[in-house]
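Student: Show me the folded form of this:
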Amino acid sequence: MDFPDDLRSAEESLKQVEKEFLAGNDGIAETLLAELSTGIFSSDSKTAQEQMQNLDESRYIKWSRWTKKFEFTASFWKDEGYPSIDSTTHRARNPDWYSKRTGTTLFVENLMIHRNVLAPTVDGEQKGTPTPIGKPSNRWLLDFVVLSSLRFSLKNHWTQLVREIVKKRPQTRLILVAERLGLTNQEILDIARKISGLDDRVVEHDKSDSSKNLIYLCRKPDSSLTPLVDIIV
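Tutor: Below is the predicted model:
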C-alpha cells in the first residue's frame, strides 16, 4: 500500500466516524485518534488532539447576537477541514475540491439536523459565563473539531503530493499526476491552481496545440525535490 492508498484508508475511517457523529454518538473521536496516533498520521492525530484540548466554544457557537437561539457556524474551509455554513440557511458555502470529493459538504449541511445547540455558557443562560477552553457546553464540538482537523490534514497531504511533483520539473502533464494519485483531472486542476502562485502557470486548454492541455508550467523548478509519490515521465 502506498501513501495515496493510506490517505484513502484514513478518509474511509473518517467517513465512518462522521456517520456515527450524525447518529448522535459522543466521544467517538478518541478511538479514531488512537487508531491514527501510532502510524504515518501520528502528527496529524496529535494536532487534532491539541485542537480538541484548546477548543474555544465561542468560535463555533455564535450566541451574543441572539435572543432566543444559539447558532452553530463552521469556520471557513480554507482554515478548517469542512466548508463554512450559512447560519440562516444551514447550507454549505465555498466548498472546495476536497469537500466535493469526500462529501463533507453534505456532512456539514446535515449537522444541524442531528445536533442541538446549547448556549455556550457555564450555566446555560445567554448572559452567563462563557465555558472554559476545552470544556464546551456542546460536548459534540469536541468530536467535530477533531474530525475537522483530520480532514484538513488529509486535504493538505493531497495538496503536498501534487506540489512536490509539479515543483520538481519545469513542465508536468497533470493527467499523469491524476492517474498516479487516483484523483480526477478536475481535482488535480483545482489543486494546481491553488498552489501555482504568481510565477507558475496552469494550462487547461491550449487552442493551438491540444498536446499541451492539462500542463503545469513551473518557472523555478527545484530538481532536488524527492516527491513522496512521483510520476514516470
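Student: Any idea how far apart the tips of stretch 168-182 sit?
Tutor: 20 Å (CA to CA, to the nearest Å).
Student: who's in contact with that stretch?
Tutor: 4, 8, 158, 161-162, 165-166, 183-185, 187-189, 192, 202, 214-219, 221-223, 225, 227, 229-233 (CB atoms under 8 Å, 6 or more residues apart in numbering). (Glycine included, C-beta is placed from N, CA and C.)
Student: For stretch 156-165, list every residue counted as buried.
Tutor: Buried residues in stretch 156-165, counted by 16 or more other CB atoms under 10 Å: 157-159, 161-165.
Student: on that earlier part again, quick check: strands, which of the contacts of stretch 168-182 are part of them?
Tutor: 202, 215-217 (DSSP state E).
Student: Distance to K62, neighbour count and pLDDT for these - can I get that in CSV?
Tutor: As requested, these are exported to CSV (distance: CB to CB, whole Å; neighbours: other CB atoms under 10 Å; pLDDT from 0 to 100):
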residue, distance to K62, neighbour count, pLDDT
V202, 37, 19, 94
I215, 44, 19, 95
Y216, 40, 26, 96
L217, 44, 17, 95
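Student: In CSV, list the residues you listed along with distance to R151.
Tutor: Formatted as CSV, these follow (distance: CB to CB, whole Å):
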residue, distance to R151
V202, 25
I215, 30
Y216, 25
L217, 30
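Student: Looking at the residues you listed, spot the one nearest H114.
Tutor: The shortest gap between H114 and any of the ones in strands among the contacts of stretch 168-182 belongs to V202, at 39.0 Å (CB to CB).
Student: pLDDT at the nearest residue to the closest one once chain neighbours are set aside, what is it?
Tutor: Residue nearest to V202 in three dimensions, not counting chain neighbours: A192, with 4.8 Å by CB to CB, 6 or more residues apart in numbering. pLDDT, A192: 97.
Student: Which residues are in contact with A192?
Tutor: A192 makes contact with 162, 166, 174, 202, 216, according to CB under 8 Å, 6+ apart.
Student: try 10 Å
Tutor: With contact taken as CB atoms under 10 Å, 6 or more residues apart in numbering, A192 is in contact with 159, 162-163, 165-166, 172, 174, 177, 200-204, 214-216.
Student: Now, the buried residues of stretch 156-165 that are in helices?
Tutor: The helices, defined by DSSP state H, take in 157-159, 161-165 from these.
Student: Who does the helix or strand hosting T172 pair with, and is each partner parallel or antiparallel?
Tutor: Per DSSP states H and E: T172 is located in strand 171-173. Paired strands of strand 171-173, with direction, are strand 215-217 (antiparallel) (DSSP bridges).
Student: neighbouring contacts of the strand it pairs with?
Tutor: By CB under 10 Å, 6+ apart, the residues outside strand 215-217 that reach it are 162, 165-167, 169-175, 177, 188-189, 191-193, 195-196, 199-204, 206, 209.
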